[in-house]
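**Q** please find the sequence and the predicted model below.
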Amino acid sequence: MNGARALWATLASHGVSTVFGYPGGAIMPVYDALTYYPEVRHVLTRHEQGAAHAAEGWAKATGEIGVCMATSGPGATNLVTGLADAMLDSVPLLAITGNVASHLMGTDAFQEADITGITLPITKHNYVVRDVQDLPRIVAEAIRIARSGRPGPVLVDIPKDIQLAPYHGEIPVPHARPEIPAPSQDAIDRALELIRAAQRPVIMVGGGSLDAAAEVTALARAWDIPVITTLMGLGAFPNSDPLWLGMPGMHGSVAANRAISEADVLIGIGLRFDDRVTGRVNGFAPKASIIHVELDAAEIGKIIRTHVPVRGDAKVAAQMLAQGASPLDRPEWKAQLEEWKSRTQLPDHWGAGYAVKSVVDRLRPDDILSSDVGQHQMLAAQLARFEKPRRWINSGGLGTMGFGFPAAIGAGMAEPGVRSVVIAGDGGFQMTAQELATLKMYDVRNVKICIINNSFLGMVRQWQEMFHGKRYSEVWLGDSNPDFIKLADAYGVPGYRASSAEDLPAAIDAWLADPNSALLEVVVPHEHAVFPMVPAGAALYEMLETEPARTPQPEMAEVAEEARNA
Amino acid sequence: MTQATIPHQREPNPEQLLSILVRDEPRVLTRITALFGRRGYNIKSLSVGSTEHPGVSRMTIVVSGDRGVVEQAIRQLEKLHDVVRIIDHSLEKYVDRELVLVKVAITPENRVEVRQIAEDFRSRIVDVGRHALTFEVTGDEGKLTAFIEQMRPFGILETMRTGRIALTRGSNADIPGHVYHGETQALRPAVQIEQPREERAREVPNLF
Ligand SMILES: Cc1ncc(C[n+]2csc(CCOP(=O)(O)OP(=O)(O)O)c2C)c(N)n1
């Protein structure tokens, strides 16, 4: 057995069933060895970035490790965006890269890149395998590191000669998952003291509580405390529950942002107080004592002063905090929250928001919804209703355009029985559109692509509109966008289109009813802004609840002209 | 004229002294310094050397910044897989030393005086030239700085300082647990394996 075969054997022994990748000279022994492991499916994406995001989509949907691989040099550097994305969103990801032969490393050999050096700050850990006898245990260790504690990406770089060298040892079995430390009773007691005395408590949950959704829900209901779910935490609390206040932050709901600003106790669970969530930090939760439940000690007190740090497993902490709970009787607070909730404005006239709402309203609770990055992402986050965790997949931390579509493929392949719907912008979709070929090649049938086509890099345009005097610099796509239906057709993927509120329902029906993966292009008005919005640098309580009065929408030609002249 | 005004007389930037025990693997130094660099913590001095345990190196880092900076740095360091243990010296008594080499310009007139100052500092002469003497001094930071200031009027040609190194005082058993970060986790071997192969297993012994 050579190193390459030992690699597949180790992956297989760890239950890895699918690997997303792209071959090349420096990883050919691994691809050769693949032919001996029919139990592992390799998915050939059309770009390594697609492979990394697909592996992320797999991991985000299942909670299990996603695996991607690439050759040395350009292949490896194409994984970089996906690794950075996984790092910021705490996604368990294993990246395997080939490298030039050991004796060539460091000589600027053909297709050599110092990928461990490049990915040092965007991986949880990385390795270069220097001896084939270390290879399987390094891979096993890498998987353990990626999955344990706060999950993240780990890269293993394997020089070509190591892939070919004979391996004589055993194939390692998976490490037991290390126990996550339970919070100290003392910290819990201090937290409980605050909660009991609270007049205006709120719970805010992030991506770190997705696997503690049941416990968090029980905790909130036991104390009768309202819940805010961050962009990453959507799904950790059922949105149909009257206690749900929505999403906080830059495009958060009125209720969530006002509740944070007025709360006297804020219980943060499994989150890191990203600046898109907090707004201006010294204006965040100005009246609240903060209880922060978090596994990663480095996140406690990093951004926001914490009154009661609770370090440990969100699941266990939520259980401990729920013990002996009795509903807090805070009628004034509840009445205030209801008033804020009533200010939610649902889109009622034709536009991107209307289109996104029409699509997400058709989702079933099991459906996976992915999004790309931009206005459509914020609209989807605001308008979709999640009842379960791990049904919402997006790039929260890095905000990676091009993420959504390949992530939806990964999620769809992980769960072939459910619909994997992705909402993308016309800009971001084109960053990874070539993955349409992946759908075709593997006959993936459950991926439903919805492109919200506003002919603009919408989110940037919104900022230009609001903060740069409407000078639309380099954001107009309208003249150069492809015919998305024809593009899909070229890859053998059926396409549907709607351009008005009247056309939309029938188009959605046909798109979802199509037995294949299919694409729906929704052509929407060019200028549409996402509100509420907390302008950059402002505090949450300075949010703009609705769009300020604006000039009437110019004709398309005018918009294009303006964009060209900008 | 009275006392000359000193330009930029401000509060000295507080500094923090950390020892970090790391697994002796490629890129460890980069990983650690990159962590400090990325988060904008300025390293004032850094020295690295081997320890009494094979496979474990020890770094002494002086960071400028207040307590908040070190505390955050420690938490970030704890997450690195290569980091075995972190010792926050500000929480305990410690001894620290630094070595400096100073090359001083010499004339026949000042030779005796320079040697006398060096003797007062218990400094050794490590190189004798016709126009220069090179001194070696060890001590804490204050002593080295004082030595350099004494020599400055004669004309310093070159200096090199090693950066500080530090150890906690007393036997380690007396040291309260909170000084050591990451103590609860047993020292991990470089790569964990199910059945360590005798000849290769890089078991790291228990340090304390
Ligand atoms: C890779 C990458 N490049 C640039 C950006 C900056 N950016 C954020 S949103 C956005 C516009 C996205 O436009 P589109 O995909 O059409 O979606 P829309 O906002 O119109 O819904 C851009 C350019 C980014 N997030 N990612």
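**A** Good, I have the coordinates.
**Q** now the residue most central in space within chain B. Its backbone dihedrals?
**A** The centroid of chain B falls nearest to residue B:164 when counting by CA atoms, centre = their mean (2.7 Å). Note on residue B:164: backbone dihedrals following degrees, to the nearest 10 are phi -80, psi 150.
**Q** so it makes contact with residue B:60?
**A** Yes. Checked against CB atoms under 8 Å, the pair residue B:164 and residue B:60 is within contact range at 5.7 Å. Placement of C-beta: from N, CA and C, glycine included.
**Q** residues shared between the contacts of these two?
**A** B:17, B:45, B:47, B:96 (CB atoms under 8 Å, 6 or more residues apart in numbering or on different chains).
**Q** am I right that residue A:40 is in contact with residue A:16?
**A** Yes. The pair formed by residue A:40 and residue A:16 meets the contact definition of CB under 8 Å, at 6.4 Å.
**Q** between these two, which is the more surrounded one?
**A** residue A:16 (20 against 16; other CB atoms under 10 Å in any protein chain shown).
**Q** give me the element that one is part of.
**A** Here residue A:16, judged by DSSP states H and E, is contained in no helix and no strand.
**Q** residue contacts, it?
**A** A:40, A:65, A:67, A:94.
**Q** make CSV from these and add distance to chain B and secondary structure to it.
**A** Shown next, in CSV, are the contacts of residue A:16 (distance: CB to the nearest CB, whole Å; DSSP: H, G, I helix; E, B strand; the rest coil):
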residue, distance to chain B, secondary structure
A:40, 21, coil
A:65, 17, coil
A:67, 19, strand
A:94, 15, strand
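**Q** quick one: buried ones out of the residues you listed?
**A** A:40, A:65, A:67, A:94 (16 or more other CB atoms under 10 Å in any protein chain shown).
**Q** how near is the third one to the ligand?
**A** Distance of residue A:67 to the ligand, computed by CB to the nearest ligand atom, to the nearest Å: 23 Å.
**Q** that residue pairs with what?
**A** residue A:94 (DSSP bridges).
**Q** hmm, it is touching residue A:18, no?
**A** Yes. Using CB under 8 Å, residue A:67 is in contact with residue A:18, at 7.3 Å.
**Q** re the thing from before, from the shared contacts of residue B:164 and residue B:60, which ones fall inside strands?
**A** Under the assignment DSSP state E, these contribute B:17, B:45, B:47, B:96 to strands.
**Q** and which of those residues is nearest residue B:108?
**A** Relative to residue B:108, the closest of those is residue B:45; by CB to CB it sits at 36.5 Å.
**Q** name the nearest residue to residue A:150, sequence neighbours excluded.
**A** With sequence-adjacent residues excluded and distances taken as CB to CB, 6 or more residues apart in numbering or on different chains, residue A:150 is closest to residue A:296, at 4.4 Å.
**Q** check residue B:23 too.
**A** Nearest non-adjacent residue to residue B:23, counting by CB to CB, 6+ apart: residue B:82, 4.7 Å away.
**Q** now swap in residue A:410 and tell me
**A** residue A:57 (3.0 Å).
**Q** make sure the one you found is actually in contact with residue A:392.
**A** No. Here residue A:57 lies out of contact with residue A:392, judged by CB under 8 Å, at a distance of 11.5 Å.
**Q** now do the closest residue to chain A within chain B against residue A:294, distance only.
**A** As assessed by CB to the nearest CB, chain A sits closest to residue B:75 within chain B, at 3.7 Å. The spacing between residue B:75 and residue A:294, counted by CB to CB, to the nearest Å, is 11 Å.
**Q** which one of the two is surrounded by more residues?
**A** Shown here are residue B:75 and residue A:294; by other CB under 10 Å, residue A:294 has more neighbours (28 against 18).
**Q** neighbour-wise, which of residue A:57 and residue A:392 wins?
**A** Taking neighbours as other CB under 10 Å, residue A:57 and residue A:392 compare with residue A:57 leading, 30 against 26.
**Q** so the more buried one is in which element?
**A** In this assignment (DSSP H and E), residue A:57 forms part of helix A:48-62.
**Q** for that helix, packing partners?
**A** strand A:18-21, strand A:66-70, helix A:80-88, strand A:93-99, strand A:392-393, helix A:404-414 (3 or more CB pairs under 8 Å, 6 or more residues apart in numbering or on different chains; DSSP states H and E).
**Q** for the ligand, what is the nearest residue in chain B?
**A** Relative to the ligand, the nearest point of chain B is residue B:38 (20.7 Å; CB to the nearest ligand atom).
**Q** does that residue touch residue B:30 like I think?
**A** No. Counting by CB under 8 Å, residue B:38 does not reach residue B:30; the two are 11.4 Å apart.
**Q** so these two - more neighbours on which side?
**A** Taking neighbours as other CB under 10 Å, residue B:38 and residue B:30 compare with residue B:30 leading, 14 against 11.
**Q** from residue A:156, how far off is that one?
**A** For residue B:30, the distance to residue A:156 - CB to CB - is 18 Å.
**Q** of the helices and strands packed on helix A:48-62, give the one that comes closest to residue B:140.
**A** Of all the helices and strands packed on helix A:48-62, helix A:80-88 comes closest under CB to CB, at 40.3 Å.
**Q** now check that closest one, is it near the ligand?
**A** No. Contact between helix A:80-88 and the ligand is absent, the nearest approach being 7.1 Å (criterion: CB under 6 Å from any ligand atom).
**Q** sorry, back to before: quick one: buried residues of the helix holding residue A:57?
**A** Buried, per 16+ other CB under 10 Å, within helix A:48-62: A:48-61.
**Q** over to stretch B:94-113?
**A** B:94, B:96, B:97, B:98, B:99, B:100, B:102, B:103, B:104, B:106.
**Q** tell me the gap between stretch A:369-384 and the middle of its chain.
**A** On the basis of CA atoms, centre = their mean, to the nearest Å, stretch A:369-384 sits 11 Å off its chain's mean C-alpha point.
**Q** same thing with stretch B:69-81?
**A** With CA atoms, centre = their mean, you get 18 Å for stretch B:69-81.
**Q** could you do stretch B:111-123 as well?
**A** 26 Å.
**Q** show residues contacting it.
**A** B:104, B:106, B:124-125, B:133, B:135-137, B:139, B:143, B:146-147, B:150-151, B:154.
**Q** roughly how far apart are the residue nearest to residue B:23 and residue A:131?
**A** Plainly put, residue B:82 is 18 Å away from residue A:131 if you go by CB to CB.
**Q** these two - which one has more neighbours?
**A** Taking other CB under 10 Å, residue B:82 and residue A:131 do not tie; residue B:82 has more neighbours (21 against 13).
**Q** list the helices and strands the helix or strand residue A:29 falls within packs on?
**A** Per DSSP H and E: residue A:29 is located in helix A:28-34. Using 3+ CB pairs under 8 Å, 6+ apart as the contact test, the elements touching helix A:28-34 are helix A:3-13, strand A:93-99, helix A:160-164.
**Q** same thing but 6 Å
**A** helix A:3-13, helix A:160-164 (3 or more CB pairs under 6 Å, 6 or more residues apart in numbering or on different chains; DSSP states H and E).
**Q** so what touches the helix or strand just after the shortest one?
**A** Right, the one you point to is helix A:160-164. Next helix or strand after helix A:160-164 toward the C-terminus (DSSP H and E): helix A:185-197. Contacts with helix A:185-197, where a contact means CB atoms under 6 Å, 6 or more residues apart in numbering or on different chains, come from A:265, A:289, A:291, A:308, A:310, A:320.
**Q** what is the burial count for residue 146?
**A** The chain I'm using is chain A. Residue A:146: 26 neighbours (other CB under 10 Å).
**Q** hmm, I had chain B in mind actually
**A** 13.
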